[in-house]
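Enquirer: Quick one, what's the 3D model for this:
(chains A, B and C, ligands or ions: 1)
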Amino acid sequence: MSIVDKDQTFMDDALVEPPPPPPPMVELDNSLLLENLNEAQIEAVTQPLESTSRVLAGPGSGKTRVLTCRIAHLLRHTHNEKILAVTFTKKAAGEMQERVQELLTSLQTHEEESKPPPAPSPYDDIDPYDDGAYGAELEEALVVYEGGNAEPLSPLEQRVRGAVSWQMRRVTLGTFHSTCARILRMNREYLNSLSSVVKHSPNNDATLDGNFAIADQAEQLRIVKEILKEREINEKDLKGVKLNTILNVISNCKEEFAQGKNPFRPKGNKPLPETLKVAAQLYDAYREKLISTNQMDFDDLIYLTRELLAENDDVRDRMRQRWSHVLVDEFQDTSLSQLDLVKLLTSNSLFVVGDADQSIYSWRGAHVGMMADFNDHFPDAKTVYLMENYRSTSNIVKAAQKVISSGKTDSIEAEMRQDMKPKREAGPKPRIIACDDDKGEADLVIKKIKQGVEAGEYGKNHEVAIVYRTNAQSRALEESCVQLNVPYVIFGSATSFYKRQEVKDCLCFLRWLANGKDRGSMLRCLEKNAKGIGMGAIAEFESYCNAVLTHYGNNLRGTPQPTPLDLLLSIADRSRIHESSPPADSVLGKRARTHLLAFSTKMNSIYDLALKESVAKVLTHVIDSLDLLALIDKRSKSTSEFEERQENVRELQQASERYTDGRPCLGSANSPTEGSEQEDSELTPLATFLEDIALVTELADASKKDSDEHRFVVCLMTIHTSKGMEFDTVFIVGNEDGTFPTSQALEEGPGSVQLEEEKRLCYVAMTRAKTELIMTWRKAVRIFTPTGVRTTKRHRSQFIDVLVASKPKKGSAQMESGGTKKSSNQRRSGTTNIYGQGTNNIYGQAPPKPSKAVVTERAGTTNIYGNRQGTNSYGQSSKSSPSRSRFTTSRNSQSPATPNRSNPLDRENGYASHTSRRSLSSFARQAQQPTPNKSRRATAQRGGSASAVPSARARQPSKSSPNRSPKPKASALGGGGSVDSSWFFPIGSEVIHAKLGRGIVLPPPPATESNDMPVRVKFSSGDHQVFDARGPELSPAVSR
DNA sequence: AATCGGCTCATTTTT
DNA sequence: TGAGCCGATT
Ligand SMILES: Nc1ncnc2c1ncn2[C@@H]1O[C@H](COP(=O)(O)OP(=O)(O)OP(=O)(O)O)[C@@H](O)[C@H]1O
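Expert: The predicted model follows:
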């Protein structure tokens, strides 16, 4: 105990006691800090230092800005107090870090400039980017990243940087998960006495240690499979319960347990659902396996930390002392357990920011009522509302508002909801475009973007995103990008990169080295990457393991048991285990022995290297000594596949290089860099690398260069991923019922939890747009059925209906007859009754009535609705949109005010700076023209390259169906924000008429009873004609 | 032990 | 459609 305490104190001291004294508190001029804030924002930022505050605010209202300023405010008004800021993703943490840094820099610069030249200060030699005060090791990396433009810093700049660096050291930025991992590792000595750990380690051997690994989904699955196998349960016997479902259920159960409930007890007299039955069967075994292999899953990070803090007063006090101020961004997506954590960590300064309408993670355990409930948990909390929307044009704000206020109206959220005040001009109207199918949609979107770029419609730094509901939707878009030579980047987690075999095959060695008990990695090493070893040899190895462990159990009690890694090593090097152990030869057969010995020899050399050398060197040695490239070659079907895989491996090696800090890979050796006392130094470089991978930190891509910064690139991502971002132009694709909202949500029906979340998701998506918002949908969608591929007709989404619908007329309510007849997808009978079931449906009382007449009448062929082209109004507005990173004044345009910090180990904040992921090789090839992005945040790329290679197969033009869109009455006559034909065919754009050829759209005539969305077109012949914007005759003339 | 081919199932969303 | 899994073959 005393040792522990000492250790902890020591670590804390390292942080609390600065080598240089804190900067003198000068007269603080807060006006500069508050200069760019409105009144409500100022009120939020300047809440008392010791207080609990909740900022409730809609999208684009500057929540993130407020949080940033609040951090700066706290830093400037306290001395050594430290700050914990929790963000939703690591990327958000990175941006936050950058922004705070920029802000502090500009404030500090201002202060320094207005001061007389001071005497030399202790900061003069501190370079904020290298921890240089403590070690010189990082210089190499610095050269790499600042190499191009390393200008000598002026004394002023040095002082500023030093001061800022010092202040930033007081800030810990991270996600709940990364913060928890940190807390757990800091308090590793407590892990095995946590009650739930005790409960799930039947052998009571101290199994968890500070090197615990974070189990990814693959590992979770492996464990479940292993349990099933052990119990001789066939997957098929599970009655259709899928393995992934089991994992999800287990995850939910953990939350329930944490909240003091027992999910496995039947509720009332209802029998337990099958999924829960299965989960109940597996739950204990699953946890035991994790713990006995020294692993935790994502959920454990949260729950065990919560337990740690709840059960150990001393730890809790220490952690509370450590962070005097706690801030949480995106609080609406916080779970109840995370709330508990916040409570446990907070002493008396808490600042949370969120928007109930943007809660989109309830499926992951987020508590939807979190924002509303906040004051129940913190009765003294002060609430500040931010009502102004600075991001989007008012047309976009209005449209989004229309969507969010549709549907359920009796929730607390709905009651609390107030309209935002748009601060920007009206801007171009949001547009809705119908497309034939996915190919048509993708081509249309990409062509429009291409045109925007090439015709100069997009100003400099114009950012464009395409967002979609499901990842699978990216494929068609990618194909179009490749075909049309438009550079793109897929945002999202890098998991697909780490799922690739070749990457896994490399990583399993590193993981096994870091955690000798990691069984999954062990099996992969042996099974896939060791020559001549298969299931048989593995079985023999395991009996050897058991023999030795039995021996330890019988004769060597008190001696720490060897891990499977130790045992493997011992085959070639007996000294790895106790000399009295039974010899391997006695257990292993000849054949197995030969191969295991060979492999063990190699592993020994790898292990020894790991005690001396960097992660990158070890990885290289792994690849070389096991001839992994040859293996990959053998497994590849083509040279291009091999090259791609090889490229992935290289990418991984590159990433690993950044985890070089002079310490050895397994550098437990307590002689890191002299005097290096950063709190993280107890985590080995290898462990840091692996943890970053597990927690989905974006890995480094050194190839990102400044020269890329101003190139145009389209950002592709799911709507979930887009949370918190903003773009000048946003395309939301796949807005058809069954895709978005998902069919599952539709089946739950109007007002259901799921459908409401889909609605919020749509709201989030729409509010990402600053100036231009375009929503597309597909009239036909390809689906996979047992009978093969089929295309199914789809209806535009109910959210679009909301946008298009006019004020409902009383009494016109009517169930949709299913006028879609056979053409509609019979499997989804659920969809029909979303129209006008009872009173609470999304349309209020009067669902739009699909007119039968329309259905039959319009039996025309081919056509898509309105793409627009030609010049339209949006050049004007892009300037007025405040650029996100343009907060600071001063001249950071030329100086690397915020260069990519180079080394993830240099993490005073536990955060590795943003970077991009591996590029799709096909993309890399075709992207010679543009590439990554100017935007600091727009960089990541997902692996999954296979999907980027477009198959050149010809596509059937899908037979266009009669348009069965419900035809809202008199919609264009409605008030502000309603849809008129210009949403489909902008005035001035070029269209093609099936018979009359090309024409130009003129201002429309007033709507009439028979044509409520008229478009007037002028043809080359000089004729003017009026059409129905929703009719089949017109289609947009796609740019040439 | 390694490879090949046929079978099944899939698409929510992510730390 | 196509990726991943299982089992039969060498
Ligand atoms: N007081 C202000 N004056 C001018 N622009 C502002 C102000 N506050 C914020 N902005 C701008 O508004 C935009 C949105 O800000 P921010 O990203 O902080 O909003 P948010 O509330 O976090 O949005 P979301 O909830 O969608 O994540 C940014 O471009 C930001 O620069």
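
Enquirer: Residue A:565: what's it in contact with?
Expert: A:512-513, A:516-517, A:522, A:603, A:607 (C-beta atoms under 8 Å, 6 or more residues apart in numbering). For the C-beta atoms, the positions are set from N, CA and C on the backbone; glycine is no exception.

Enquirer: Does the lengthiest helix in chain A pack against any helices or strands, and if so which?
Expert: In chain A, with assignment by DSSP state H, the single longest helix is helix A:90-114. Using 3 or more C-beta pairs under 8 Å, 6 or more residues apart in numbering; DSSP states H and E as the contact test, the elements touching helix A:90-114 are helix A:30-34, helix A:63-77, strand A:83-87, helix A:155-168, strand A:171-175.

Enquirer: buried stuff in the fourth one?
Expert: By neighbour count with 16 or more other C-beta atoms under 10 Å, helix A:155-168 contains the buried residues A:157-168.

Enquirer: What of the longest one?
Expert: By neighbour count on 16+ other C-beta under 10 Å, the buried set for helix A:63-77 is A:63-76.

Enquirer: will you turn the residues you listed into JSON lines that also has distance to residue A:88?
Expert: What follows is the buried residues of helix A:63-77, written out as JSON lines (distance: C-beta to C-beta, whole Å):
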{"residue": "A:63", "distance to residue A:88": "12"}
{"residue": "A:64", "distance to residue A:88": "11"}
{"residue": "A:65", "distance to residue A:88": "16"}
{"residue": "A:66", "distance to residue A:88": "16"}
{"residue": "A:67", "distance to residue A:88": "12"}
{"residue": "A:68", "distance to residue A:88": "15"}
{"residue": "A:69", "distance to residue A:88": "19"}
{"residue": "A:70", "distance to residue A:88": "17"}
{"residue": "A:71", "distance to residue A:88": "16"}
{"residue": "A:72", "distance to residue A:88": "20"}
{"residue": "A:73", "distance to residue A:88": "22"}
{"residue": "A:74", "distance to residue A:88": "20"}
{"residue": "A:75", "distance to residue A:88": "22"}
{"residue": "A:76", "distance to residue A:88": "26"}
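
Enquirer: wait, which of those is closest to DNA strand B?
Expert: When the buried residues of helix A:63-77 are ranked by distance to DNA strand B (C-beta to the nearest atom of the strand), residue A:64 comes first, at 16.3 Å.

Enquirer: For the residue lying closest to residue A:316 once chain neighbours are set aside, give me its contacts.
Expert: Leaving aside its sequence neighbours, residue A:316 sits nearest to residue A:309 (C-beta to C-beta, 6 or more residues apart in numbering; 4.6 Å). Listed by C-beta under 8 Å, 6+ apart, the contact set of residue A:309 reads A:183, A:315-316, A:319, A:341, A:344-345.

Enquirer: circling back: got the helices and strands packed on helix A:90-114 as a markdown table, with mean pLDDT and distance to DNA strand C columns?
Expert: A markdown table is the format used below for these (pLDDT from 0 to 100; distance: least, C-beta to the nearest atom of the strand, whole Å):
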| stretch | mean pLDDT | distance to DNA strand C |
| --- | --- | --- |
| helix A:30-34 | 78 | 50 |
| helix A:63-77 | 93 | 36 |
| strand A:83-87 | 95 | 31 |
| helix A:155-168 | 87 | 41 |
| strand A:171-175 | 93 | 27 |
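
Enquirer: Quick one: closest of these to the ligand.
Expert: helix A:63-77 (3.2 Å; C-beta to the nearest ligand atom).

Enquirer: any chance you could map the helices in the stretch 351-500 of chain A?
Expert: For the stretch 351-500 of chain A, the helices defined by DSSP state H, counting those that start in this stretch cover A:370-377, A:394-404, A:412-416, A:438-454, A:474-484, A:495-499.

Enquirer: can you put those in TSV and add distance to DNA strand B, mean neighbour count and mean pLDDT?
Expert: Formatted as TSV, the helices of the stretch 351-500 of chain A follow (distance: least, C-beta to the nearest atom of the strand, whole Å; neighbours: other C-beta atoms under 10 Å; pLDDT from 0 to 100):
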stretch	distance to DNA strand B	mean neighbour count	mean pLDDT
helix A:370-377	16	18	92
helix A:394-404	17	25	93
helix A:412-416	18	14	78
helix A:438-454	11	22	91
helix A:474-484	9	22	90
helix A:495-499	6	18	82
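
Enquirer: how about the ones you listed in JSON lines, adding distance to residue A:349?
Expert: Below are those laid out as JSON lines (distance: least, C-beta to C-beta, whole Å):
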{"stretch": "helix A:370-377", "distance to residue A:349": "15"}
{"stretch": "helix A:394-404", "distance to residue A:349": "32"}
{"stretch": "helix A:412-416", "distance to residue A:349": "25"}
{"stretch": "helix A:438-454", "distance to residue A:349": "45"}
{"stretch": "helix A:474-484", "distance to residue A:349": "42"}
{"stretch": "helix A:495-499", "distance to residue A:349": "35"}
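
Enquirer: closest to the ligand out of those?
Expert: Closest approach to the ligand among the helices of the stretch 351-500 of chain A (C-beta to the nearest ligand atom): helix A:394-404, 10.4 Å.

Enquirer: Might you calculate how far the host helix or strand of residue A:183 sits from the centre of the chain?
Expert: Here residue A:183 is covered by helix A:176-186, with elements defined by DSSP states H and E. Helix A:176-186 has its C-alpha centroid displaced from the chain centroid by 19 Å (C-alpha atoms, centre = their mean, to the nearest Å).

Enquirer: any idea of the mean pLDDT for the helix or strand following that helix?
Expert: Using DSSP H and E, the helix or strand that follows helix A:176-186 towards the C-terminus is helix A:195-199. In this model, helix A:195-199 has an average pLDDT of 90.

Enquirer: Could you list every helix and strand in contact with helix A:195-199?
Expert: With contacts defined as 3+ C-beta pairs under 8 Å, 6+ apart, helix A:195-199 has these neighbours: helix A:298-311.

Enquirer: C-terminal to the helix it packs on, what's the next element?
Expert: For helix A:298-311, the following helix or strand on the C-terminal side (DSSP H and E) is helix A:313-322.

Enquirer: In that following helix, which residues are buried?
Expert: The neighbour-count check on helix A:313-322 (16+ other C-beta under 10 Å) flags A:315-316, A:318-320, A:322 as buried.

Enquirer: could these go into JSON lines alongside distance to the ligand and pLDDT?
Expert: Output for the buried residues of helix A:313-322, formatted as JSON lines (distance: C-beta to the nearest ligand atom, whole Å; pLDDT from 0 to 100):
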{"residue": "A:315", "distance to the ligand": "33", "pLDDT": "94"}
{"residue": "A:316", "distance to the ligand": "31", "pLDDT": "95"}
{"residue": "A:318", "distance to the ligand": "32", "pLDDT": "93"}
{"residue": "A:319", "distance to the ligand": "28", "pLDDT": "93"}
{"residue": "A:320", "distance to the ligand": "28", "pLDDT": "93"}
{"residue": "A:322", "distance to the ligand": "27", "pLDDT": "91"}
